[in-house]
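1. Model the structure of this input:
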Amino acid sequence: MCLPLLEVQAQFTLLNLPRESQAATVTQRIGITDITVNYSRPSVNGRVIWGNLVPYDQVWRAGANENTTFTTTSAIQVEGHDLPAGSYGFHMIPSKGAWTVIFSKDHTAWGSFFYTEGMDQLRVQVTPHAAPSSEQLTYTFNDVTASSATLSLRWADLEVPIHLSVDVHGVVLAGLDDQLHGLTAFGWEAWYEAALYCDQEGIAPEKAMRWVDMSIARGPNLENQALKVKMLEEQGKLAEAKALRATMLDGASNPQLNTYGYRLLNQGKTAEAVKVFEMNAKLHPDDPNVHDSLGEGYLKAGQKAEAIKSFKKSLGMDPPAGVRANSIKCLKELGVDTRAYEKGS
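-> Model prediction:
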């Protein structure tokens, strides 16, 4: 496919000057994979596009000017077919039926004029459909989920959808292996984050346990030990979990105990949360926030009398505004007259 000399000259300049078909870029992140399309945007300008300006059954650059390029930072699947990480020349073969979408290993050429099939990395078939009129050629990412998206080309009265998907967990795990060989690996935090991600997503339990152990080895604290307790419980190792919980609570600070209590509440472990709040109240009896938290634990456990007592104790200690407001709100929920406390707020 070639253009008349004057048409080539109209699109190619030696200098950095404005072009009729403006350059554009669109990027979508899926998981931690960035997918980018760089292209130029021709306009309809009253012309017949499909089967005329863009002929059927010929390779087309899917834009204007230089190669339209498609770049992905990780391996993905396009319409169910594997595409390695990298940058590709992005071409299409339009037709009256299904279209062919081409990812070429040559991404530095001018348009499709130097395209050779032998450089193809991947070809897939897609089916365009009618769409509201679009004056300028536009690429968008639609129907984005945690692991997929649809890349759509829209121009004139047509839309060309291309389904992309990513093995997010696989990409993340491979990336974690690399990241945990860097400077961050000398502290406890990176190992904890890696283990927490795996636990939350329900993947790679053996790696997650190894990583949480590495975190504890570099700096034992309530966060990484609490995560290990949770993981041990999930694996049915209840005796180990109980022993570790006792050890970690002994050395925990006031804020750490409070945070852990709420974490247990959020996990639905109300009785255990109440025990942690009670421990904190014994260790730090002069902190109004501790008694407010204990009141919330009792409230969640259905121990209304104990909850009222704890909230009133907190309010009797001239608590900070946020703690005061929470205790009053909870007492109102329990049907307690709070006017005496509100006068002093």
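2. which of the residues in the longest strand along the chain are buried?
-> Among the elements of type strand in the chain, defined by DSSP state E, the one spanning the most residues is strand 148-165. Buried positions in strand 148-165, judged by neighbour count with 16 or more other C-beta atoms under 10 Å: 148-156, 158-162, 164-165. Any C-beta I mention is one placed from the backbone N, CA and C, and that applies to glycine too.
3. what does stretch 48-57 give?
-> Within stretch 48-57, the residues that qualify as buried are Ile49, Trp50, Val54, counting by 16+ other C-beta under 10 Å.
4. swap in stretch 316-332?
-> Met317, Pro319, Val323, Arg324, Asn326, Ser327, Ile328, Cys330, Leu331.
5. Send me that stretch as CSV with only the CA atoms.
-> What follows is stretch 316-332 as a C-alpha-only set of coordinates in CSV (Å, rounded to 0.1, in the frame of the first residue of the first chain):
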residue,chain,number,x,y,z
GLY,A,316,-15.7,11.7,82.6
MET,A,317,-12.1,12.1,81.6
ASP,A,318,-12.6,15.2,79.5
PRO,A,319,-11.7,13.3,76.2
PRO,A,320,-10.7,15.0,72.9
ALA,A,321,-13.6,16.2,70.7
GLY,A,322,-13.6,13.2,68.4
VAL,A,323,-13.7,10.7,71.3
ARG,A,324,-16.4,12.7,73.1
ALA,A,325,-18.6,12.8,70.0
ASN,A,326,-18.3,9.1,69.5
SER,A,327,-19.1,8.2,73.1
ILE,A,328,-22.1,10.5,73.0
LYS,A,329,-23.3,9.1,69.7
CYS,A,330,-23.0,5.5,71.0
LEU,A,331,-24.8,6.3,74.3
LYS,A,332,-27.7,7.8,72.3
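6. Give me the residues contacting that stretch.
-> 286-289, 291-292, 295-296, 299, 307-308, 311-312, 314-315, 338, 341-342, 345 (C-beta atoms under 8 Å, 6 or more residues apart in numbering).
7. among these, which are in helices?
-> Helix and strand membership here follows DSSP state H; of those, those in helices are 288-289, 291-292, 295-296, 299, 307-308, 311-312, 314-315, 341-342.
8. just the buried members of the residues you listed?
-> Restricting these to buried positions leaves 288-289, 291-292, 295-296, 299, 307-308, 311-312, 314-315, 341, with burial counted as 16+ other C-beta under 10 Å.
9. from those, which single one is nearest Pro132?
-> Glu296 (52.3 Å; C-beta to C-beta).
10. isn't the closest one right up against Leu265?
-> Yes. With the criterion set as C-beta atoms under 8 Å, Glu296 and Leu265 qualify as a contacting pair; they are 7.4 Å apart.
11. Mutual contacts of those two, please.
-> With contacts defined as C-beta under 8 Å, 6+ apart, no residue is adjacent to both Glu296 and Leu265.
12. so after the helix or strand containing Thr259, what's the next helix or strand?
-> Assigned by DSSP states H and E, Thr259 belongs to helix 254-266. Helices and strands here follow DSSP H and E; after helix 254-266, the next one along the chain is helix 270-283.
13. can you state the direction angle for that next one and helix 254-266?
-> Computed with axes from the mean of the first three to the mean of the last three C-alpha atoms, to 10 degrees, the direction of helix 270-283 lies at 160 degrees from that of helix 254-266.
14. What residues of helix 270-283 count as buried?
-> The neighbour-count criterion (16+ other C-beta under 10 Å) identifies Thr270, Glu272, Ala273, Val274, Lys275, Val276, Phe277, Glu278, Met279, Asn280, Ala281 as the buried residues of helix 270-283.
15. go on, stretch 31-49?
-> By neighbour count, with 16+ other C-beta under 10 Å as the criterion, the buried positions of stretch 31-49 are 31, 33, 35-44, 49.
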